[in-house]
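S.K.: sequence first, then the predicted structure:
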Amino acid sequence: MTGLNARTRFAAILLLVALLASLAVAAFRVRTENQARRVEIAMDYSDFVQLARSYNYNPASFLIALRRAGLTSLALSEELGANVGDDGRAYATTGAALLNQARLSPLTDPLLARLVREHKIARDAVYLAIYDASTYKRFRTQLALHFESKSVRVLRASKPWIIEVHTQIEYFDSTALGIPSDQIALAKKLHLLVIPRLQNDERFGRAQMEATFDGLLKQDRLISTVIFFGLRNQVYGYPDHLADAAAVFAQHGAKSLHPFNFGTIETYDNSQIQKGNVTLARLIPGQTVRVQAIAKPELDKLKLEQVVARFALGVRERNIRVVYLRPWGHQDGTKSIEATNVELVQQLADELKSDGFRLGRATPIPEYRGDNRILIGIATLAVPSLFVLLLATFGWYRPSYAIVAYALTVLVFVGGVATHHEMLARSLIALLAALLFETAALLTIAPLFSEEPAAKFGDQIVRSLGWTLLATGVALLGALVVVGVMSSPLTMEEIERFRGVKAVLLTPPVIALVLYLFSGRYNAGVERPRDVFLSPVQVYQLLAGVVVIAAGALLMMRSGNQSEIAPSHFELMVRHDLTTALSVRPRFKEFLLGFPLLMLAPALASVHRRAIGVLFALGIGVGIGDLIDTFSHLHTPILISLERIANGLAIGAIIGTLLIWLYRRARTALGILRVQ
């Protein structure tokens, strides 16, 4: 053993250094997360004004009440060509429609009537009649950005203004014509931040983008977050001018005179991610905030408290910094719809404040000291170091293996940086770290499978809790390395994702099964590995295998934010109750499976433990994998993940204690269950 320690001492020292580097990254990250705690509560103005008009509410008075309740921002969308005329300030029609109208009755506008008589109306052109000076100015500016100068002609430069645009009506209908100035003026008057919702034009270069933002800033400097929209679901600059869009955003970074953020909308379906979203966010690190919204069809199915709880959960656990509200079209008890919406905002604001968040301009996750390639590079050395130590544990250590392991780790990390695939390289290294530490955690508890239960109940609880804490501690070291290697503003905003999340969750049960059957460390009653395959299969073993495979398939389908199998109504109720009671809900796989089995396993008699040891190994493997998986969701703040683990450990230990008590009672009641 002394010789073994001498050969692996260098790896142990490097492992300790790598863990300290990971701890430094985690500390820097915690400080950054605690500083980025300002949240916007925004209202979609288009939906809001439709609701207000439907019930004859005064929009300005309604907004004042919402602002007093906690509303910080107003989301204003660009007017599309298809919506021209909705506010009565302008009218759009095609040349063909004008000619058809003139055949039925004389046109009242003398200019248009004359153009019809002189056959100067173009059938394939769009004609705009504008009755408001600010609208005319906006149209002139926007049309110049979207169309060539020869395509736009002012036919009358006085009220009512007439503009001719040579384009197809379908294209005009989908063209963005800027945000109405009266909406911006209303937000400014009510001291609400403006969230511009802009639509991409693929021909826009830097000059057109700057002109759009400058026009907005001239009207109101309180722009907070830019969110893009449109049928094509694209960010500014997609596909060929993303660098131009990034340059414009960079001009309005945190230290500029007029700062604003880029809002990336949280989605659970990759097909819904805006095109260019990831590239733009990568180009402007530290200037992106996560936006959460609830779609109208789903919103109609929820209760008020459910809406509040979902948004509060997103802010607390997923780094959401812009809560994007649509008005709730239902009454809460005897309250009017207006009062209900005010109550929704009030409850949400109170909930966020009670969690320690501030309301105002959203704060993104900035670039911070922890996202340092030197620190991260040192943290990656945990992988080859632990690999070498595990080789030594199994008696497979060779100096050449150690050299290759360290060289490959350095090569992968440096190669990822050099080829601009750094996050892919970091994901691969973090995945290996997770799997190695999961293996180490399972190996550290192997002796408990050979341990006889304690005579006294209290001693057994202490012993079981010790094994549980030992496995949890080793698994948390693996989580620490994952955090140290993967933490960056992009992963914390879920722009970049840890690609190994499913493997972290699904592989540990397989590792546990292999170790249990073939390592000879778990008192499994297997003399030689080949005996496992040569032994006859009993019916109960076959049935158990089918159940295990089905459970594994269910685990895989249920993993991820948007699982293939939706949780049942009962499960949703339990989740809600746990969140209400504990603030941070523990994960079922930990407190119902992993922790209770870790507690119960040392309390079993050897004969009973050997009979169901495979199932215990699988269950413990699931729990240990889930521990590291909790920290693999990097958009969740570290302190929240730690609180989740602590809650799960406490409940799991209580359940485990109850199971131990029941087992010992049964052993006492049924004399045949004596310890052997």
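M.R.: On my side now, so go ahead. Small disclaimer: the values here were computed from a predicted structure and weren't measured.
S.K.: isn't Thr340 up against Pro327?
M.R.: No - with contacts counted by CB atoms under 8 Å, Thr340 stays clear of Pro327, the gap being 9.3 Å. Every residue, glycine included, has its C-beta placed from N, CA and C.
S.K.: settle it for me: which of the two has more neighbours?
M.R.: The residue with more neighbours, out of Thr340 and Pro327, is Pro327; 23 against 18, by other CB atoms under 10 Å.
S.K.: looking at this, that one is in a helix?
M.R.: No - using DSSP: H, G, I helix; E, B strand; the rest coil, the secondary structure at Pro327 is coil, not a helix.
S.K.: now do the contacts for it.
M.R.: For Pro327, the contacting residues are Met43, Asp44, Asp47, Phe48, Leu51, Ile337, Asn341, by CB atoms under 8 Å, 6 or more residues apart in numbering.
S.K.: now it. Its backbone dihedrals?
M.R.: Note on Pro327: its backbone torsions stand at phi -60, psi 140 [degrees, to the nearest 10].
S.K.: from Val462, how far off is it?
M.R.: 56 Å (CB to CB, to the nearest Å).
S.K.: can you check Phe437 too?
M.R.: Per CB to CB, Phe437 is found 25 Å from Val462.
S.K.: please say which of those two ends up with more neighbours.
M.R.: Phe437 (26 against 11).
S.K.: mind listing what's buried along the host helix or strand of the more buried one?
M.R.: Per DSSP states H and E, Phe437 falls inside helix 422-444. Within helix 422-444, the residues that count as buried by 16 or more other CB atoms under 10 Å are 422-423, 425-443.
S.K.: what sits against Arg373?
M.R.: Shown in contact with Arg373 (CB under 8 Å, 6+ apart): Val417.
S.K.: sorry, that was for Tyr55
M.R.: Taking CB under 8 Å, 6+ apart, we find Tyr55 in contact with Ile337, Glu338.
S.K.: look at it and report its pLDDT.
M.R.: Among the per-residue scores, Tyr55 holds a pLDDT of 94.
S.K.: pLDDT below threshold where in this protein?
M.R.: Low-confidence segments of the chain, defined by pLDDT under 70: 1-7, 525-569, 571, 671-676.
S.K.: picking that back up, tell me what the helix or strand following the helix holding Phe437 is packed against?
M.R.: The C-terminal neighbour of helix 422-444 among helices and strands, as given by DSSP H and E, is helix 457-486. Applying 3 or more CB pairs under 8 Å, 6 or more residues apart in numbering; DSSP states H and E, one finds that helix 457-486 makes contact with helix 2-35, helix 373-380, helix 382-393, helix 422-444, helix 595-600, helix 613-632, helix 638-669.
S.K.: the closest residue to Ala129 other than its chain neighbours: which element?
M.R.: Nearest-residue entry for Ala129: Tyr91, 4.6 Å, with adjacent residues in sequence omitted and distances by CB to CB, 6 or more residues apart in numbering. Take DSSP H and E as the rule and Tyr91 turns out to sit in strand 90-94.
S.K.: center of the chain, which residue is that?
M.R.: The chain has Glu494 as the residue nearest its centroid, 5.1 Å off, counting by CA atoms, centre = their mean.
S.K.: wasn't that one part of a strand?
M.R.: No - counting by three-state DSSP, Glu494 is not part of a strand but coil.
S.K.: so it sits right up against Glu266, yeah?
M.R.: Yes - with contact defined as CB under 8 Å, Glu494 reaches Glu266; the gap is 7.5 Å.
S.K.: can you list residues touching both of those two?
M.R.: By CB under 8 Å, 6+ apart, Glu494 and Glu266 have these common neighbours: Arg290, Arg318.
S.K.: and the protein, what are its domains?
M.R.: Structural domains assigned to the chain are 2-31+368-531+538-670, 37-78+180-359, 83-173, following automatic domain parsing.
S.K.: what distance do you get for Ala471 to Ala405?
M.R.: Counting by CB to CB, the gap from Ala471 to Ala405 is 25 Å.
S.K.: for the two, indicate the residue with more neighbours.
M.R.: Neighbour totals were compared for Ala471 and Ala405, and Ala471 leads with 25 against 20 (other CB under 10 Å).
S.K.: please give me every residue in contact with that one.
M.R.: Neighbouring residues of Ala471 by CB under 8 Å, 6+ apart: Ala441, Leu442, Thr444, Ile445, Leu598, Ile620, Ile624.
S.K.: let's see 10 Å
M.R.: 438, 440-445, 448, 594-595, 598, 620, 623-624, 627 (CB atoms under 10 Å, 6 or more residues apart in numbering).
S.K.: export stretch 188-195 to CSV, keeping only CA atoms.
M.R.: Taking C-alpha atoms only, stretch 188-195 is exported to CSV below (Å, rounded to 0.1, in the frame of the first residue of the first chain):
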residue,chain,number,x,y,z
LYS,A,188,-42.1,57.7,-20.8
LYS,A,189,-44.9,59.6,-19.1
LEU,A,190,-45.6,56.7,-16.7
HIS,A,191,-41.9,56.2,-16.0
LEU,A,192,-41.9,52.7,-17.3
LEU,A,193,-38.9,51.1,-19.0
VAL,A,194,-39.3,50.3,-22.7
ILE,A,195,-38.8,46.9,-24.1
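S.K.: list the buried ones in that stretch?
M.R.: Buried residues in stretch 188-195 (16+ other CB under 10 Å): Lys188, Leu192, Leu193, Val194, Ile195.
S.K.: filter these down to the ones in helices?
M.R.: Counting by DSSP state H, the buried residues of stretch 188-195 place Lys188 in helices.
S.K.: how about the strands in the stretch 101-250 of the chain?
M.R.: Applying DSSP state E, counting those that start in this stretch to the stretch 101-250 of the chain gives strands spanning 126-130, 152-156, 161-165, 193-199, 225-229.
S.K.: and what of the stretch 251-400 of the chain?
M.R.: 261-265, 288-293, 320-325, 358-359.
S.K.: can you check which of the ones you listed gets nearest to Asn647?
M.R.: Closest to Asn647 of the strands of the stretch 251-400 of the chain, according to CB to CB: strand 320-325, at 21.2 Å.
S.K.: who does that closest one touch, helix- and strand-wise?
M.R.: The contact analysis (3 or more CB pairs under 10 Å, 6 or more residues apart in numbering; DSSP states H and E) places strand 320-325 against strand 38-44, strand 73-77, strand 193-199, strand 225-229, strand 261-265, strand 288-293, helix 304-317, helix 337-354.
S.K.: ok and that strand relative to strand 261-265, angle-wise?
M.R.: Note on geometry: by axes from the mean of the first three to the mean of the last three CA atoms, to 10 degrees, strand 320-325 and strand 261-265 are set 70 degrees apart in direction.
S.K.: rewinding a little: okay, the buried residues of stretch 188-195 in CSV with distance to Gln347 next?
M.R.: Listed next are these as CSV, based on distance: CB to CB, whole Å:
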residue, distance to Gln347
Lys188, 27
Leu192, 19
Leu193, 21
Val194, 24
Ile195, 21
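S.K.: wait, doesn't the residue nearest to Ala129 sit right on Ile130?
M.R.: Yes - contact criterion CB atoms under 10 Å: Tyr91 and Ile130 qualify, at 8.0 Å.
S.K.: need the overlap of contacts for the two.
M.R.: Shared contacts of Tyr91 and Ile130 (CB under 10 Å, 6+ apart): Val84, Pro160.
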